[in-house]
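K.L.:
pasting the sequence and the predicted model now:
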Amino acid sequence: MRGNPRLHLARAALAALLAMAGGCHTVLGPAPLEENWRMHPGPRVTFFVRPDSFAEQNVARLSEVIEDQYASTVRALGLSYAGHVSAYAYNSGAEADFVSDHAGRAYPETESFRFVAVPPADGNLFHLMSHEANHVFVINGLGRAGTYGMNEGLASALVSETYHRSGRHFLFTWTRTQRAQVLPLARVYNNDAWKDLTAQAAYNTSASFLAWLLDTYGADRLRQIYGAPSREFADRVNAVYGRTLESLEADWLRFCDAWAG
Amino acid sequence: MAVCLALPAAVQAQTAPAGSTWRAWAGHDTFRFRDTAKSSPPVDASPVEWRGAGPILGLDWDCERPFRLHRFDVAFSAAGGFVYVTGIGAIPRPDQESARFLEGGYEYRRYFARAIGIRSLHAGIGVRGGGERRTFERRRGGNELSETTTAGSIAGVAALRFRPAGRVSADVEWGNAAVLTRGRQHLVAGTEFQKASWGGGWFTELTARVNLRVAERTSLAVAYGDRGEGWLFDLRAYTDERRRIVAGVTYAR
């Protein structure tokens, strides 16, 4: 190629500028909002479902479950939150860019969540939906949790069992029967260790412990440790409960061992 | 960074005296916010958008030689009238919700002396340091949330400048910045909760401006700007977009 190198350089800069202008945010930013929804308003949660989907066929049941969950969570933690929440139900994990058909995500800052709604309409689906909704209720009522373990565990610990047995019944039974998978609490409430833990075991361990803690000692104390960061978590537990985390952990495991469902 | 600063050193010697210009401008700024559950591509952002709009005011000071530019700028904007955009509609938010931005910066830019393709069309590159303070007031379910963020950024800027002999000229600027930030959330929900954390982020900004000279020292300018941003804090993240259309007056001393 002949010619002035500076001219080529300048032309290359121009071409790069034109090619990239406005494109970076398109690549690194989010996809536009989707429009293929039908809206089904409820008293406190509005569902957005795909037309003629499984979720739309079962929206009355989903609405019934989520309204109960809303009331249950607010009551259990004594929250003052009373916002209106938007729930988006997808037909598959692939459609929502999730890794499986049993997945969801919560967006507390915009009071919304999304989840995959596939048959059957049973406790697994209701648990998933309630878990994601609980993130919205809890974070808007208590602020951000101090650890990933508290954030994810509390969302499952608060799942209401009015319409299924996938809340406490599942968690305490899992702790009793799957003891080899139960993780040490000191690791579960350590953000540095969280990413190395098996996700399902970490979620279940934290949820089971927090459900027991809430049932045994009430919401006031749980609210006091909710925002504790990893490095302060054990000390905060000690100060609030007057007992070490290890001591509470032993009591919780004994309770689960004796759990008869 | 070293590459950015070294390349323009090859431009021709500059002997023309520096000229400075002031530009005061005002316009309309739209702010769109979505919280994110995953910030790496493909970004997992909320299906609902928090959107508001309001006035923006700004002041720029340029010190320019033919192929060199120093620019100081400051701007303030206040967005209100917020809604939740759901994809198929909009839900009004309480009147107390707002987003305010105070930002400023300094940029050093150099242009290549040789025109590219068209006479009087020059490419340039620069580096910009900026600072910003933004405050969100939210009302969620009866609870009050105040969020204040202070941020510093360093950006690389690519630019095109078209300055023909006539009365009309144009500029296009494209910048990408890394951001270091400190955010504080204050929630009043029966009792009060406060959480502060360091964070990081990036933004991509595109600005196009057309200038019309109306007198020897005075020009009118109309500009469009679009900035996409990503912010990551401890246990939370969000992405936003700011679009502005502004008009202003430029006075050359």
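P.N.:
Yep, it's here. Residues are numbered from 1 along each chain as shown, chains lettered A, B, ... in the order given.
K.L.:
setting aside sequence neighbours, what's the nearest residue to residue B:234?
P.N.:
residue B:197 (3.9 Å; Cβ to Cβ, 6 or more residues apart in numbering or on different chains). Yep, even glycine has a C-beta here, placed from its N, CA and C like the rest.
K.L.:
put the alpha carbons of the host helix or strand of that neighbour into PDB.
P.N.:
Under the criterion of DSSP states H and E, residue B:197 resides in strand B:191-213. Extracted in PDB, the C-alpha atoms of strand B:191-213 (Å, rounded to 0.1, in the frame of the first residue of the first chain):
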ATOM      1  CA  THR B 191     -36.200   2.800  60.900                       C
ATOM      2  CA  GLU B 192     -33.200   4.100  59.000                       C
ATOM      3  CA  PHE B 193     -30.600   2.100  57.100                       C
ATOM      4  CA  GLN B 194     -27.500   3.500  55.500                       C
ATOM      5  CA  LYS B 195     -24.900   1.800  53.300                       C
ATOM      6  CA  ALA B 196     -21.900   3.200  51.600                       C
ATOM      7  CA  SER B 197     -19.600   1.400  49.200                       C
ATOM      8  CA  TRP B 198     -17.000   2.000  46.600                       C
ATOM      9  CA  GLY B 199     -17.800   1.100  43.000                       C
ATOM     10  CA  GLY B 200     -16.600   1.200  39.400                       C
ATOM     11  CA  GLY B 201     -18.000   1.600  36.000                       C
ATOM     12  CA  TRP B 202     -17.700   2.800  32.500                       C
ATOM     13  CA  PHE B 203     -19.500   5.100  30.100                       C
ATOM     14  CA  THR B 204     -19.700   5.600  26.300                       C
ATOM     15  CA  GLU B 205     -20.600   9.100  25.100                       C
ATOM     16  CA  LEU B 206     -21.400  10.400  21.700                       C
ATOM     17  CA  THR B 207     -21.900  14.100  21.000                       C
ATOM     18  CA  ALA B 208     -22.700  15.800  17.700                       C
ATOM     19  CA  ARG B 209     -22.700  19.600  17.400                       C
ATOM     20  CA  VAL B 210     -23.500  22.000  14.600                       C
ATOM     21  CA  ASN B 211     -22.400  25.600  14.800                       C
ATOM     22  CA  LEU B 212     -23.700  28.500  12.900                       C
ATOM     23  CA  ARG B 213     -21.700  31.700  12.900                       C
END
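K.L.:
so the residue nearest to residue B:234 touches residue B:231, yeah?
P.N.:
No - counting by Cβ atoms under 8 Å, residue B:231 is not a contact partner of residue B:197; they are 11.1 Å apart.
K.L.:
which parts of the stretch 151-261 of chain A sit against chain B?
P.N.:
A:151, A:227 (Cβ under 8 Å from any Cβ of the partner chain).
K.L.:
next secondary structure after the lowest-mean-pLDDT helix or strand in chain B?
P.N.:
Lowest on mean pLDDT, DSSP states H and E among the helices and strands of chain B sits helix B:2-6, with a mean of 35. Going down the chain from helix B:2-6, the next helix or strand is strand B:19-38, by DSSP H and E.
K.L.:
check contacts around whichever residue of the stretch 1-150 of chain B sits closest to chain A.
P.N.:
Using Cβ to the nearest Cβ, the closest approach of the stretch 1-150 of chain B to chain A is made by residue B:141 at 2.7 Å. Applying Cβ atoms under 8 Å, 6 or more residues apart in numbering or on different chains, we find residue B:141 in contact with A:80-84, A:111, A:140-141.
K.L.:
what about the nearest residue to it once chain neighbours are set aside, which helix or strand?
P.N.:
In space, and not counting its chain neighbours, residue B:141 is closest to residue A:83: 2.7 Å by Cβ to Cβ, 6+ apart. Residue A:83 belongs to no helix or strand when elements are defined using DSSP H and E.
K.L.:
my guess is residue A:83 contacts residue B:94, does it?
P.N.:
No - between residue A:83 and residue B:94 there is no contact under Cβ under 8 Å: 10.4 Å.
K.L.:
who's more crowded, the two?
P.N.:
residue A:83 (18 against 12; other Cβ atoms under 10 Å in any protein chain shown).
K.L.:
phi first, then psi, for the more buried one.
P.N.:
The phi/psi pair for residue A:83 (degrees, to the nearest 10) reads phi -80, psi 170.
K.L.:
repeat for residue A:109
P.N.:
Per-residue torsions, residue A:109: phi -70, psi -20 (degrees, to the nearest 10).
K.L.:
ranges for the helices of the stretch 1-150 of chain A?
P.N.:
Under the criterion DSSP state H, counting those that start in this stretch, the stretch 1-150 of chain A contains helices at A:5-20, A:23-28, A:54-57, A:59-77, A:123-142, A:148-157.
K.L.:
what residues sit buried inside whichever helix or strand residue A:232 is part of?
P.N.:
Assigned by DSSP H and E, residue A:232 falls within helix A:230-241. Buried residues in helix A:230-241, counted by 16 or more other Cβ atoms under 10 Å in any protein chain shown: A:230, A:233-234, A:236-237, A:240-241.
K.L.:
now swap in stretch A:73-90 and tell me
P.N.:
A:73-74, A:76-77, A:79-81, A:83, A:85-90.
K.L.:
which one of those is nearest to residue B:221?
P.N.:
Nearest to residue B:221, judged by Cβ to Cβ, of the buried residues of stretch A:73-90 is residue A:86 at 40.7 Å.
K.L.:
please report how far the residue lying closest to the closest one once chain neighbours are set aside lies from residue B:84.
P.N.:
Nearest residue to residue A:86 in three dimensions, chain neighbours excluded: residue A:112, at 4.2 Å (Cβ to Cβ, 6+ apart). Distance, residue A:112 to residue B:84, using Cβ to Cβ, to the nearest Å: 8 Å.
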